[in-house]
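J.: Sequence unavailable; structure follows:
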C-alpha cells in the first residue's frame, strides 16, 4: 500500500507540478485543477483512520506523502489537510472535504456565551488560509483542549506570504462557533505545534533531496577550466556535506513520523524539527554556492526549493525552540547520564 500511495503521488506531481505552476502560485494563482485531482485520488484522506474514510495504512506510510510534497514543491496544502483530517477524526468530528489548513491556537480565547462558545483572538502566518475552506486548530476551554473547525469565509483574512510567495495569512477571529465547529478532544494528539513541526520536517527533507539532485546534476553539467566542476574537490566536499545533512534530516523526520500518536512523539518531533532547520541553512547555502549566479535567477527552479526550506525553518517552532524543549526534557530526566536519557527515551517514549 505504501508503494501504491507514494507511486500515485509521484506520478501525479511529476506530471502536473511544473516550474510554471510554482511561478503562478507564487504570484497568487491557486492551482484548483490539480487540487481536484489530488482529492479524487483520495490522497487527502491518507492519514485519517479507516472508519473515517481513510486508507487504513500505518501513519508513517501516510506521512511519507509529505516528503513527496516537499520534493516537488507542491503549492497546495496537502500536508496541512492530512493533519487537519486526522485531528478532526480524533475528535469524532465530520471531515468536511476540500482544502484544509492548520494553525497554532494558543493565542485564542474561548468563552461560553449562554449555550454557545465564542472564539476571539488572532491566528498568525496560517499556511494557505485564503485558499482553504476551513482552518483546524486546538484551543482551551475550561482547562480542556477543544478542536475548532473554522470556516474561512466567515473570518477576517489579512493576506501575507512567505519567502516562496506561498500564502501565510493572519486571521482575526471574533466568531461564535456552531455545534459542529467545536468539540472537546478526547485524547492528546501531539498539539498543533508538534504536528505542524512534523510535516515541516518531512517536507524540508523532501525539498533538500531535490536540491541535492539538482546540485549534483549541475556540477556534472557545468564545465569550467576544461572539466565539470563536480570533479573539483571543493565542490565534491560541498555535495558530500549536503548529502550528509539531508540523510540525517530524513532519518530524524522518519523517526518522528514513526512515533506519530505515541508517547515518543514529543521528543522525536523536537529532534526532527531542530535537525531539519539546521540542515536547511547549510544545504540551501551550499546549493547556491555550487550553482553560482544561475541559481538566483527567476528562470531557474532552485529558488523555489531553497526559499521553501528557509521559510519552513521558522514555522511551528524554530530549531532554537525545539532544542530548548529537548534540553528541558534532558534536565528533568530521572536518568543518571545523558546517554541513558537518549536510549530510554527512544525505547519507551519519554515525553518532552
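T.: Thanks, I have it. None of these values were measured; they are calculated from a predicted model.
J.: mind listing what residue 21 touches?
T.: Contacts were defined as Cβ atoms under 8 Å, 6 or more residues apart in numbering; by that measure residue 21 touches 31, 34, 75. C-betas here are computed from N, CA, C, even on glycine.
J.: Just say helix, strand or coil for it.
T.: What DSSP: H, G, I helix; E, B strand; the rest coil gives for residue 21 is helix.
J.: Neighbour-wise, which one of the contacts of residue 21 leads?
T.: When neighbours are taken as other Cβ atoms under 10 Å, the top entry among the contacts of residue 21 is residue 75 (25 neighbours).
J.: quick one: that one from residue 54, how far?
T.: 24 Å (Cβ to Cβ, to the nearest Å).
J.: hmm, back to that, in helices, which of the contacts of residue 21 appear?
T.: Among these, DSSP state H puts residue 34 in helices.
J.: would you turn the contacts of residue 21 into JSON lines with distance to residue 141 and pLDDT?
T.: What follows is those, written out as JSON lines (distance: Cβ to Cβ, whole Å; pLDDT from 0 to 100):
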{"residue": "31", "distance to residue 141": "37", "pLDDT": "98"}
{"residue": "34", "distance to residue 141": "37", "pLDDT": "98"}
{"residue": "75", "distance to residue 141": "35", "pLDDT": "98"}
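J.: Return the list of helices and strands in contact with the host helix or strand of residue 14.
T.: Residue 14 is part of helix 2-16, with elements assigned from DSSP states H and E. Under the contact criterion of 3 or more Cβ pairs under 8 Å, 6 or more residues apart in numbering; DSSP states H and E, helix 2-16 touches helix 32-40, helix 59-72.
J.: Tell me which of those sits most buried.
T.: Comparing the helices and strands packed on helix 2-16 by mean neighbour count (mean count of other Cβ atoms under 10 Å), helix 59-72 comes out on top with a mean of 24.
J.: how far is it from where the chain is centred?
T.: For helix 59-72, the separation from the chain centroid amounts to 9 Å (computed by Cα atoms, centre = their mean, to the nearest Å).
J.: returning to that earlier point: and the helices and strands packed on helix 2-16: which comes nearest residue 280?
T.: helix 59-72 (10.9 Å; Cβ to Cβ).
J.: residues in contact with that closest one?
T.: 1-2, 5-6, 9-10, 13-14, 17, 43, 46-47, 54-55, 78-79, 82, 198-199, 202-207, 209-210, 250, 253-254, 257-258, 260-261, 308.
J.: Walking through the stretch 101-250 of the chain, point out its strands one by one.
T.: Here the stretch 101-250 of the chain has its strands, by DSSP state E, counting those that start in this stretch, at 109-113, 116-127, 134-141, 144-151, 156-158, 168-177, 182-184, 223-224, 227-228.
J.: in its sheet, what does the third one sit against?
T.: In this case it means strand 134-141. strand 100-102 (parallel), strand 144-151 (antiparallel) (DSSP bridges).
J.: cool, and the longest one?
T.: Strand pairing for strand 116-127, using DSSP bridges, gives strand 109-113 (antiparallel), strand 168-177 (antiparallel).
J.: what is the rounded mean pLDDT of that strand?
T.: Across strand 116-127, the average pLDDT comes to 96.
J.: chain center to it, what's the gap?
T.: The answer for strand 116-127 is 20 Å, by Cα atoms, centre = their mean.
J.: List the buried residues for that strand?
T.: 117, 119, 123, 125-127 (16 or more other Cβ atoms under 10 Å).
J.: care to break this structure down by domain?
T.: Following automatic domain parsing, the chain resolves into domains at 2-184, 192-348.
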